[in-house]
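A.B. asks: one predicted model, sequence on top.
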Amino acid sequence: MPFETEDRTDGIVIRKIVPADDASVASIIRSVMTEFCCNREGFAIHDAEVSAMSAAYRGEDAEYYVVVEAGAVLGCGGFAKLAGTQADERTCELRKMYFRKELRGRGIGERLLRLLLERMAKAGYARCYLETTEQMLEARKLYERMGFTALGANLGATGHHGCDRYYLKDLDLGQYPSPA
């Protein structure tokens, strides 16, 4: 049975992605990245996995989740091993965490990020890396509030040379209580 959590006070469901979600997730990624002018070469919008995210995040070391409200997928995010690093470095990357406008500013991004950080630690990762951009100010505020430290340069080999902000966080399983 797939992981699922539901907060009955606001009707939000966060669950693992299934193939039926792929088109909605691709649409979210493409529209949000375009909204923030991140649709040029060097951004995740051009990653081959965007069209089939459910297939790209299988296995014990990679997971991807969707956020559903009233039956509609409105947000998404996941993690996998940071490309260009060795397994013994135990570094994962927060990947493709995006929300439609109607989901933003409601604390749901923090809920998803807390879940992802917990799942990363349970998967055996020691650090989480992420890349973003100057114009994604609210996302950067969330990362900083959640304990990510800004880096002066990128890590790994993501191929996302369009990004200009980089963050890293040490993971500690005891720090992330299970979401309600």
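C.D. replies: Received it, and whenever you're ready, just let me know what you need.

A.B. asks: what sits against residue 130?
C.D. replies: Residues near residue 130 by C-beta atoms under 8 Å, 6 or more residues apart in numbering: 93, 94, 143, 148, 166, 167, 168. Backbone N, C-alpha and C define where each C-beta goes, glycine included.

A.B. asks: narrow those residues to those in strands?
C.D. replies: 93, 94, 166, 167, 168 (DSSP state E).

A.B. asks: could you count how many residues lie near the fourth one?
C.D. replies: Right, the one you point to is residue 167. 21 (other C-beta atoms under 10 Å).

A.B. asks: wait, it touches residue 145, no?
C.D. replies: No - contact criterion C-beta atoms under 8 Å: residue 167 and residue 145 do not qualify, at 11.6 Å.

A.B. asks: low-confidence ranges in the protein?
C.D. replies: Filtered on pLDDT under 70, the chain yields the residue ranges 1-9, 173-180.

A.B. asks: go again using 80 as the cut-off
C.D. replies: 1-9, 172-180 (pLDDT under 80).

A.B. asks: can you give me the helices for it?
C.D. replies: Secondary structure of the chain (DSSP state H): helices located at 22-35, 53-56, 108-122, 137-145.

A.B. asks: now for the last one, which elements pack on it?
C.D. replies: Contact here means 3 or more C-beta pairs under 8 Å, 6 or more residues apart in numbering; DSSP states H and E; on that basis helix 137-145 packs against helix 108-122, strand 127-132, strand 165-170.

A.B. asks: winner for burial among those?
C.D. replies: Of all the helices and strands packed on helix 137-145, strand 127-132 has the most neighbours on average by mean count of other C-beta atoms under 10 Å, namely a mean of 22.
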